[in-house]
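Asks: how does the following fold in three dimensions:
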Amino acid sequence: MDVIKTYLDSMFNKIEVNDEMLQLKAEILANMEDKYQDLIDSGLSEHEAVGKVITEFGSIEELIDAYQFKTQDKNKLPHYPLLTEEEINAFITNSTKSNLLTALGTFLIIASSSVFMTLESVLGENSTLADSFGISIIIVSIVIAVGFYVTASQFNGKPKKVAKGEYRLSKNLERQLKNDLKQQEKVSSYGFIAGIALILLPIIPIVIVDSLNVATGLADLTISGLLICVASAVFLFIYLGGNQSTYKKLLESGLSSQVSPQEINSRERLKKTDKIFDDIYWPLVTVIYFLWSFISSAWAISWVTFIIASVIEDLLKHLLGLKTD
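Replies: Below is the predicted model:
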């Protein structure tokens, strides 16, 4: 059966990829597979059935010419070199640093709000010292966080050909990355559980304190503790989730060692879509996240913005027929 697919690929490898071509190719393949199965059922061996199918269908160049498909110049196709182990390790190291700095920056921003609330609960809501010192801490934290984000962007996307998905993976490296991804998925699962616990467990003392009608300062302290826990949870989500995404990106963005022109063209279309998401969609999602968090102070739930955005991205790519499995 693989021989039939390889034969058909060789017949279409000079044709420019478009919907009409892919539909015709799928129809021919389906007919050839049906014929192959009929021959197998009639008692022919696999080799005999394959030979007879190819012989009976013969050259399909006349059929291709009838559709007047445009041919493509292989020399104009982008070159996708094999990725080395050193390049993979460099990309993972840089991505890990970028994820860590991004997670730390976000932690600082959320935690600074907790410090501000703690000062108000200790010194009093009308304390000028609490207001001035607390606001100063928030401003300094935001400045440091921005520095982290800028530094993270310098680490992110190196080496460039890995970030752009312009590479192929050998079978050994692909197998190794799949094993590493399984380990990362386990770590991310534990981190996700810990993060959810950090968000939910601090709600218990808040409910207890609220039911006891204690002083406002003590109630504010419990909310401040919740913010610190939320900051820690978001740190885990960003850092561990980012590390897992690094391995997924390496596997999903890389092409196999034996790549066809159709796969290259499909990858080029996907890269253009990814660039739109990276340059416009995700920065917009980040802005929405911070606006929602600061305006409503809903740090405990605003992090779901990224989960929802990721689901929407996958859905859009599926609808556009660009999602790679």
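
Asks: for the helix or strand that contains residue 211, what is the distance to the chain centroid?
Replies: Using DSSP states H and E, residue 211 falls within helix 203-212. Distance, stretch centre to chain centre, for helix 203-212: 38 Å (C-alpha atoms, centre = their mean, to the nearest Å).

Asks: and it, what other elements does it pack with?
Replies: Under the contact criterion of 3 or more C-beta pairs under 8 Å, 6 or more residues apart in numbering; DSSP states H and E, helix 203-212 touches helix 216-253. Heads up, the C-betas are built off the backbone N, CA and C, glycines and all.

Asks: go through the helix it packs on and flag the buried ones.
Replies: Across helix 216-253, burial judged by 16 or more other C-beta atoms under 10 Å covers 219-247, 249-250, 253.

Asks: stretch 29-41 now?
Replies: 29, 32, 35, 36, 39.

Asks: in helices, which of these fall?
Replies: 29, 32, 35, 36, 39 (DSSP state H).

Asks: isn't the third one right up against residue 56?
Replies: So that's residue 35. Yes - using C-beta atoms under 8 Å, residue 35 is in contact with residue 56, at 7.0 Å.

Asks: looking at the ones in helices among the buried residues of stretch 29-41, which is nearest residue 270?
Replies: Set against residue 270, the nearest of these by C-beta to C-beta is residue 29 (22.4 Å).

Asks: where does the prediction get shaky in the stretch 1-150 of the chain?
Replies: Low-confidence segments of the stretch 1-150 of the chain (pLDDT under 70): 1-2, 13-19, 57-80.

Asks: so the residue nearest the centre of the chain versus residue 275, what's the distance?
Replies: Centroid-nearest residue in the chain, with C-alpha atoms, centre = their mean: residue 245, separated by 5.2 Å. The spacing between residue 245 and residue 275, counted by C-beta to C-beta, to the nearest Å, is 17 Å.

Asks: kindly report the same for residue 211.
Replies: For residue 211, the distance to residue 275 - C-beta to C-beta - is 52 Å.

Asks: circling back to that earlier point, how about the helix holding residue 211, which residues are buried there?
Replies: Quick answer for helix 203-212 (16+ other C-beta under 10 Å): 205, 209.

Asks: any idea of the angle it forms with helix 216-253?
Replies: Relative orientation of helix 203-212 and helix 216-253, computed by axes from the mean of the first three to the mean of the last three C-alpha atoms, to 10 degrees: 160 degrees.

Asks: who's in contact with helix 203-212?
Replies: 218, 219, 222, 223, 225, 226 (C-beta atoms under 8 Å, 6 or more residues apart in numbering).

Asks: cutoff 7 Å now
Replies: Helix 203-212 has contacts (C-beta atoms under 7 Å, 6 or more residues apart in numbering) with 218, 219, 222, 223, 226.

Asks: and for the closest residue to residue 239 other than its chain neighbours, the neighbour number?
Replies: The shortest distance from residue 239 to any residue other than its chain neighbours is 3.9 Å, reached at residue 103 (C-beta to C-beta, 6 or more residues apart in numbering). Residue 103 has 24 neighbours, counted by other C-beta atoms under 10 Å.

Asks: show me what contacts residue 103?
Replies: 235, 238, 239.

Asks: quickly find the element holding the residue nearest to the second one when sequence neighbours are not counted.
Replies: Same thing as residue 238. Nearest in space to residue 238, with sequence neighbours left out and distances taken as C-beta to C-beta, 6+ apart, is residue 103 at 4.0 Å. Residue 103 belongs to helix 85-123 when assigned by DSSP H and E.

Asks: pull out the buried residues from that helix.
Replies: 87-88, 91-92, 94-95, 98-121, 123.

Asks: starting at the chain centroid, how far to that helix?
Replies: 19 Å.

Asks: for the remainder of this discussion, apply numbering that starts at 51.
Replies: Okay, residue one is now 51; in that scheme the one you just asked about reads as helix 135-173.

Asks: next, the angle from that helix to helix 266-303.
Replies: Using the same axes, to 10 degrees: helix 135-173 against helix 266-303 is 170 degrees.
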